[in-house]
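Enquirer: how would this look folded up:
(chains A and B)
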Number of protein chains: 2
Amino acid sequence: MAIAQGGRGRNSARLRRYNERLLLQVLRRSGEASKAELARRTHLTSTAIGSIIQSLEESELIVYTGRRTEGQRGQPATLIDLNPKGAFGIGVRLDRDSIETALLDFGGNILARRVHDRTLPSPDEALALVQADIEAVLEAITPEERERLAGIGVAQPFNLGAWLKQLNLSQPDFRAWDEVDFAFELGEATGLPVFSENDGNAAAIAELFYGCGREYDDFLYVFMGPVIGCGVALNGDCLRGVTGNAGDIAVMPVPPGNLPSAQKPAGKWDLLLSRASLNALARHLRHSGAIVASHADLERHIRAHHPAVEEWVEDCIDALVPPLHSALCILDVPVIVLDADVDGGLIDLLQRRLAAALAESVAEGRSVPELVRGSFGSDAGAVGAASLPMFFSFSPRAEILRNRGISMEEVRDAD
Amino acid sequence: MAIAQGGRGRNSARLRRYNERLLLQVLRRSGEASKAELARRTHLTSTAIGSIIQSLEESELIVYTGRRTEGQRGQPATLIDLNPKGAFGIGVRLDRDSIETALLDFGGNILARRVHDRTLPSPDEALALVQADIEAVLEAITPEERERLAGIGVAQPFNLGAWLKQLNLSQPDFRAWDEVDFAFELGEATGLPVFSENDGNAAAIAELFYGCGREYDDFLYVFMGPVIGCGVALNGDCLRGVTGNAGDIAVMPVPPGNLPSAQKPAGKWDLLLSRASLNALARHLRHSGAIVASHADLERHIRAHHPAVEEWVEDCIDALVPPLHSALCILDVPVIVLDADVDGGLIDLLQRRLAAALAESVAEGRSVPELVRGSFGSDAGAVGAASLPMFFSFSPRAEILRNRGISMEEVRDAD
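Expert: Reported below is the predicted structural model:
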């Protein structure tokens, strides 16, 4: 997986890398396969497959899992599968009220994690804390396995300092966060490659790499967290947008809601995050006399069918439906993947009510989207962050090939 | 430009084709260039550039335009540019109330066109009519030039039979259109390759290939026609969507408008096309006593500053702003390209008012989009349709390379 530097040989390395990733994707999607199956599914020759498999085996990304008789004649075919211990990723999720660090393996298992439920401190303090957490989670793997760390993923809201009023947060000073490149600092401090995305995109990437992406190439991912998050999967890749903030559903304009707990917006329109977010649910519960000090409290009220939960769900669905229709109109994707930071039945309830409301309001001649439950629930943040080094290192993104000529003379160097 | 068929050699043809198109794109964007400049901008070796130039010259897609002295020493460099007569495209634009056929050259010039302002007839009748029009527009080029026809583009609304009420149309029977594959029929009848897109995407593709795409890779294209149309440019390609209907802004939900001419929607939300469309303008003008029988009438009332025009503009901007913010939130593109089917000052007026309204309502921490005037006005439909064969035959789309392995062994065949 070494990346050739400089002139000649760069294109060939790009091609080679793309083909390796395509093969890994086939294995991720359909599980163990023989060389013949891999050649068929990637449209590569068996010579090319043989050479790629050899290199992936040397990198320990794949393992031989056994043999299977194919057809009537000949030797049983050797079967190949991903090696769950073939690569590791560290995920760091920063939010306004928590810091989480997790270690994930190539098979998508969380091997270790550290969580701090606290208001985000200054960047310097956070850096020291995250560095210590990274050291701690790395204890879960051997020094030899650490050689196969793909890097660190950092997931955080697009701008931490905005909408504190709408989110019902006291006014901590997050301005320092808008001026610091935390991912860069973390890279300098650890010497590891760092990949950074907003939290919605990171969770969508986790779905693409480890979750619904095994079945769907195109979907809108919606995460009901303290703020509502979103990411867009197109053609098996994540739409980043020009500033890395595509899928920014939270600030879509919606009419003001009807809950007495809601703050009146300054103008005619409110932002979606004011109505469709766990912060809005917590605010409404508190307004109704309930005590909400943690996610566990939220989940308890949801399980107990507190009347304020039902009131919020109704207002939330009312707020969500037009922005979701709008997003689907623009993107023309057939699936919404819905997940949430708490459960207690909330995800299923939202999914059911949203499906009904979307079907009822779909425009003439347009199809009703399929609603699919997300794969990670409250782990979406950690898995999302840790998926970033995996996705960017091992997914066959067209980006690898695009916008530069691929020189055929140079390709020969790669064989 | 022959496409190799079958197994070996297919990948190499794909690579070769991608590189040729990349070079054509550089010429399209920055005009005439020397071989050294082309090598630098495409990141290809000069050997590769030499071979590509030879093949493009044989296809007559490029011409030598002169010589220029570069630097201090050596021979003046030969300059290369696109040959405007290197390729031709036919565009067929079907709409509910018109049929238009145009012939475009590689330089983006409309060489001939035929227009019928009439309610769309049955598919059979339309096919005969379009075939005759194609014969007629082809008279504008020589038999030798006809050898370089890239094909036919068909642009039509996504579903012709919907929203006849909202569009204030009497109820012609367009159901036959939902069951016919007109592009396929036209291909069978003419023996030419046919490329089909909805009208919004086609016009966005025209901007990408011949207009704003020379400067911008990412934009939202909005066309104020009888119905509002839209297309999405991402990374220099057109977002098609899973059913080919991305950018379907017309059916985005909006609150009902305030104009007395408006029809009340059945539910709480109306569709954007009911308020932001030339049909809505015509309806409001008629409601105010004006006579509107044609686009020329519309333009006359716009020029005369008929009070109903100003009333509609206000309601139209009020309707447009939230959907545009929503679209930009999802896509994270920094530019809106705005065009319209009539002018008389309307495009500039809408652009000015929209820019002010978007700036006023932008969410905290988000940037105000740049508003750019479209390149084609009422020609957008014809140029859009005729751009399709050009774009799909000559643009370096990642699609050419994606989702299959590129076999390095096979690439050698291409040299």
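
Enquirer: Could you use CA atoms for every contact and neighbour count after this?
Expert: Fine.

Enquirer: Could you list the contact residues of the stretch 201-350 of chain A toward chain B?
Expert: Within the stretch 201-350 of chain A, the residues that sit near chain B (C-alpha under 8 Å from any C-alpha of the partner chain) are A:218, A:232, A:239-249, A:251-253, A:322-323, A:325-327, A:329-334.

Enquirer: Which members of those are positioned in strands?
Expert: Residues of those located in strands (DSSP state E): A:Val232, A:Pro253.

Enquirer: Weed out the non-buried ones from the residues of the stretch 201-350 of chain A next to chain B.
Expert: By neighbour count, with 16 or more other C-alpha atoms under 10 Å in any protein chain shown, those hold A:218, A:232, A:239-242, A:244-249, A:251-253, A:322-323, A:325-327, A:329-334 as buried.

Enquirer: Quick one: the helices in the stretch 151-300 of chain A, in order.
Expert: A:175-179, A:182-190, A:199-210, A:272-275, A:278-287, A:295-303 (DSSP state H, counting those that start in this stretch).

Enquirer: Would you convert the ones you listed into JSON lines that also reports mean neighbour count and mean pLDDT?
Expert: Output for the helices of the stretch 151-300 of chain A, formatted as JSON lines (neighbours: other C-alpha atoms under 10 Å in any protein chain shown; pLDDT from 0 to 100):
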{"stretch": "helix A:175-179", "mean neighbour count": "13", "mean pLDDT": "81"}
{"stretch": "helix A:182-190", "mean neighbour count": "15", "mean pLDDT": "94"}
{"stretch": "helix A:199-210", "mean neighbour count": "30", "mean pLDDT": "94"}
{"stretch": "helix A:272-275", "mean neighbour count": "28", "mean pLDDT": "95"}
{"stretch": "helix A:278-287", "mean neighbour count": "22", "mean pLDDT": "96"}
{"stretch": "helix A:295-303", "mean neighbour count": "17", "mean pLDDT": "95"}
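
Enquirer: Rebuild these as CSV, extending it with distance to B:Arg275.
Expert: Shown next, in CSV, are these (distance: least, C-alpha to C-alpha, whole Å):
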stretch, distance to B:Arg275
helix A:175-179, 39
helix A:182-190, 45
helix A:199-210, 33
helix A:272-275, 23
helix A:278-287, 32
helix A:295-303, 41
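
Enquirer: Point out where chain A drops to low pLDDT.
Expert: A:1-12, A:70-73, A:161-172, A:398-415 (pLDDT under 70).

Enquirer: How is it divided into domains?
Expert: Per automatic domain parsing, the structural domains of chain A span A:5-83, A:88-205+A:381-394, A:214-374.

Enquirer: Tell me the residues of the stretch 1-150 of chain A that contact chain B?
Expert: For the stretch 1-150 of chain A, the contact set with chain B under C-alpha under 8 Å from any C-alpha comprises A:Leu15, A:Tyr18, A:Asn19, A:Leu22, A:Thr42, A:His43, A:Leu44, A:Thr45, A:Ala48.

Enquirer: So the fifth one sits against A:Leu24, correct?
Expert: Put plainly, it is A:Thr42. No. Taking C-alpha atoms under 8 Å as the definition, A:Thr42 is not a contact partner of A:Leu24, at 10.2 Å.

Enquirer: Which stretches in the stretch 301-415 of chain A count as strands?
Expert: Ranges of strands in the stretch 301-415 of chain A, per DSSP state E, counting those that start in this stretch, are A:335-340, A:370-373.

Enquirer: Please name whichever of those strands is nearest to A:Arg96.
Expert: Of all the strands of the stretch 301-415 of chain A, it is strand A:335-340 that lies closest to A:Arg96, at 16.9 Å by C-alpha to C-alpha.

Enquirer: Mind listing the strands that closest one pairs with, and their directions?
Expert: In the sheet, strand A:335-340 lines up against strand A:219-224 (parallel), strand A:370-373 (parallel) (DSSP bridges).

Enquirer: could you check the angle helix A:199-210 makes with that strand?
Expert: 110 degrees (axes from the mean of the first three to the mean of the last three C-alpha atoms, to 10 degrees).

Enquirer: how much does the biggest helix by length in chain A deviate in direction from helix B:307-331?
Expert: Identified as the longest helix of chain A according to DSSP state H is helix A:307-331. Inter-element angle recorded for helix A:307-331 and helix B:307-331: 100 degrees (by the same axes, to 10 degrees).

Enquirer: if I look at A:Pro193, how far off is chain B?
Expert: Look at A:Pro193 and chain B: by C-alpha to the nearest C-alpha, to the nearest Å, they are 25 Å apart.

Enquirer: For that residue, which non-adjacent residue is closest in space?
Expert: Closest residue in space to A:Pro193, ignoring its immediate chain neighbours: A:Gly151 at 4.9 Å, by C-alpha to C-alpha, 6 or more residues apart in numbering or on different chains.

Enquirer: just A:Leu56 next, same as before
Expert: Nearest residue to A:Leu56, sequence neighbours excluded (C-alpha to C-alpha, 6+ apart): A:Ile62, at 6.0 Å.

Enquirer: burial measure for the one you found, as a count.
Expert: The tally of other residues near A:Ile62 (other C-alpha atoms under 10 Å in any protein chain shown) stands at 22.

Enquirer: what's the answer for A:Ser51, then?
Expert: 13.

Enquirer: can you pull the contacts of it?
Expert: By C-alpha atoms under 8 Å, 6 or more residues apart in numbering or on different chains, the contact list for A:Ser51 is empty.

Enquirer: Now it: which helix or strand?
Expert: Using DSSP states H and E, A:Ser51 sits in helix A:46-58.

Enquirer: Please name the nearest non-neighbouring residue to the residue in the stretch 251-400 of chain A that chain B sits nearest to.
Expert: Taking C-alpha to the nearest C-alpha as the measure, the stretch 251-400 of chain A has A:Ile330 as its residue closest to chain B, at 4.1 Å. Spatial nearest neighbour of A:Ile330, excluding adjacent residues (C-alpha to C-alpha, 6+ apart): B:Gly247 at 4.1 Å.
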